[in-house]
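Asker: what's the 3D shape of this:
(2 chains)
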Amino acid sequence: GAGVSQSPSNKVTEKGKDVELRCDPISGHTALYWYRQRLGQGLEFLIYFQGNSAPDKSGLPSDRFSAERTGESVSTLTIQRTQQEDSAVYLCASSLGGQGATEQYFGPGTRLTVT
Amino acid sequence: AQSVTQLDSQVPVFEEAPVELRCNYSSSVSVYLFWYVQYPNQGLQLLLKYLSGSTLVKGINGFEAEFNKSQTSFHLRKPSVHISDTAEYFCAVSKGGYQKVTFGTGTKLQVIP
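Answerer: Next comes the predicted model:
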């Protein structure tokens, strides 16, 4: 596709359930980021993938959160035993990730509501 | 570690007035700097970026930013704002190469008619 896509666009789940969010980056982009944006707040970094390097997981808020990426393509963010404080928009972004900074291209986000 | 500070969480300004959104960063090495904009109910998009060269960078929609190494700042300016500029603006920094990008907490610009 032409841009970063994310699915689902909206997800409502009950507290305690597991959810899986998907991100399809732009083809050829080696870098992929996940962010969380709570209502009225800024971007909270979660995890960063760069090529085949070990991901930077320093932003994951707890061990209930995990993410995987298959090569340089699709990534999934999994939240286990969801809590109400997990309600937020989860944004994915990709970039070329080469030498010299390149801009990030953001997906539309997945709005997660935990009831 | 690098970090970004956006001191102003909200900035109200009257239409056609000038505006400056402040951004300060901390890093012990050379950095690349970005401003992103998020319009209401839309995704983030790049407004402008500084990689090297001229310290005055021009972006889309009449915005510009000036890189000041001595003050470690990258403030965003527009001489005359429009209602359509109402959005949230995020400053970001990277060491470049394969280093991750760090975002500030954002500044909400509210343009008053």
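
Asker: which residues of chain B score low on pLDDT?
Answerer: B:1, B:28, B:96-98 (pLDDT under 70).

Asker: ok, the residue nearest in space to the middle of it to residue B:69 distance?
Answerer: Geometric centre of chain B, nearest residue: residue B:35, 3.6 Å, by CA atoms, centre = their mean. As judged by CB to CB, to the nearest Å, residue B:35 and residue B:69 stand 17 Å apart. Yep, even glycine has a C-beta here, placed from its N, CA and C like the rest.

Asker: ranges for the helices of chain A?
Answerer: With DSSP state H, there are no helices along chain A.

Asker: give me every residue that touches the residue nearest in space to the middle of chain A.
Answerer: In chain A, the residue lying closest to the centroid (CA atoms, centre = their mean) is residue A:34, at 3.0 Å. Residue A:34 makes contacts with A:23, A:46-48, A:67, A:75, A:77, A:90-92, as judged by CB atoms under 8 Å, 6 or more residues apart in numbering or on different chains.

Asker: what two of the residues you listed are the furthest from one another?
Answerer: A:48 and A:90 (14.4 Å; CB to CB).

Asker: Spell out which parts of chain A neighbour chain B.
Answerer: A:31, A:33, A:35, A:41-43, A:45, A:48, A:50-51, A:53, A:56, A:91, A:93, A:95, A:97-101, A:103-104, A:106-109 (CB under 8 Å from any CB of the partner chain).

Asker: where do the strands sit along chain B?
Answerer: B:3-5, B:10-14, B:19-21, B:24-26, B:32-38, B:44-50, B:56-58, B:64-68, B:73-78, B:87-94, B:101-103, B:107-112 (DSSP state E).

Asker: could the ones you listed go into JSON lines alongside distance to chain A?
Answerer: Converted to JSON lines, those look like this (distance: least, CB to the nearest CB, whole Å):
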{"stretch": "strand B:3-5", "distance to chain A": "10"}
{"stretch": "strand B:10-14", "distance to chain A": "10"}
{"stretch": "strand B:19-21", "distance to chain A": "13"}
{"stretch": "strand B:24-26", "distance to chain A": "13"}
{"stretch": "strand B:32-38", "distance to chain A": "3"}
{"stretch": "strand B:44-50", "distance to chain A": "4"}
{"stretch": "strand B:56-58", "distance to chain A": "13"}
{"stretch": "strand B:64-68", "distance to chain A": "13"}
{"stretch": "strand B:73-78", "distance to chain A": "13"}
{"stretch": "strand B:87-94", "distance to chain A": "5"}
{"stretch": "strand B:101-103", "distance to chain A": "4"}
{"stretch": "strand B:107-112", "distance to chain A": "9"}
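
Asker: and those as a markdown table, adding distance to residue A:18?
Answerer: Formatted as a markdown table, the strands of chain B follow (distance: least, CB to CB, whole Å):
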| stretch | distance to residue A:18 |
| --- | --- |
| strand B:3-5 | 33 |
| strand B:10-14 | 36 |
| strand B:19-21 | 39 |
| strand B:24-26 | 37 |
| strand B:32-38 | 29 |
| strand B:44-50 | 27 |
| strand B:56-58 | 44 |
| strand B:64-68 | 42 |
| strand B:73-78 | 40 |
| strand B:87-94 | 30 |
| strand B:101-103 | 27 |
| strand B:107-112 | 34 |
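
Asker: what pairs with residue 33 across the strands?
Answerer: All of this is about chain A. residue A:48, residue A:93 (DSSP bridges).

Asker: switch to chain B, that's the one I care about
Answerer: Under the criterion used (DSSP bridges), residue B:33 bridges to residue B:50, residue B:93.
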